[in-house]
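J.: Just need the structure, nothing else, for what follows:
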Amino acid sequence: MFGLWKELLPNHWPDSGNTIENGNRIRMWKEALESAFPNVTDPDGELTFWRVSHVHHLRNRVSHMESLLNVDVLDVVQDAFDLLQSIDRDVANWVTGGSKVKPIFKERPTV
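T.: Prediction:
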């Protein structure tokens, strides 16, 4: 699902350029998608793009059983919570209230 989101949102990678495809994404953001994220000020979709990109990257690493040792998991989880908050505050509060990521992360062994 995050892969699809990433393909719909305006691309903000440094090398994305002014392509017709990205112009269409920007138009779709302004005319439709922006209203799906009513709880964030994000006029060009950049903040939402980066949050979705970070969550998508983490999801791929986990699903491919890749190492997370060099990933700031708490930062990416916060991006996921912020993304959810930008869509619906009540659902975000429900999800974050039941999350066990931070308590489990605190129990990890330290080197």
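
J.: Every contact and neighbour count from this point should use C-alpha atoms.
T.: Noted.

J.: contacting residues around the helix ranked longest in the chain?
T.: Using DSSP state H, we find that the single longest helix of the chain is helix 46-63. For helix 46-63, contacts defined as C-alpha atoms under 8 Å, 6 or more residues apart in numbering pick out 2-3, 5-6, 9-12, 42, 67-68, 73, 76-77, 79-80, 82-83.

J.: again, but for stretch 84-101
T.: Outside stretch 84-101, the residues that touch it by C-alpha under 8 Å, 6+ apart are A36, F37, P38, N39, V40, L74, F81, D82.

J.: make it 10 Å
T.: Applying C-alpha atoms under 10 Å, 6 or more residues apart in numbering, the external contacts of stretch 84-101 come out as 34-42, 48, 73-74, 77-83, 102.

J.: returning to what we had before: how far away from the center of its chain is the longest helix of the chain?
T.: When distances are taken as C-alpha atoms, centre = their mean, to the nearest Å, helix 46-63 is centred 5 Å away from the chain's centroid.

J.: what comes up buried for the worst-scoring helix or strand of the chain on mean pLDDT?
T.: Ranking every helix and strand in the chain by mean pLDDT, DSSP states H and E puts helix 2-8 at the bottom, with a mean of 83. Neighbour-count burial for helix 2-8 flags K6, L8 (criterion: 16 or more other C-alpha atoms under 10 Å).
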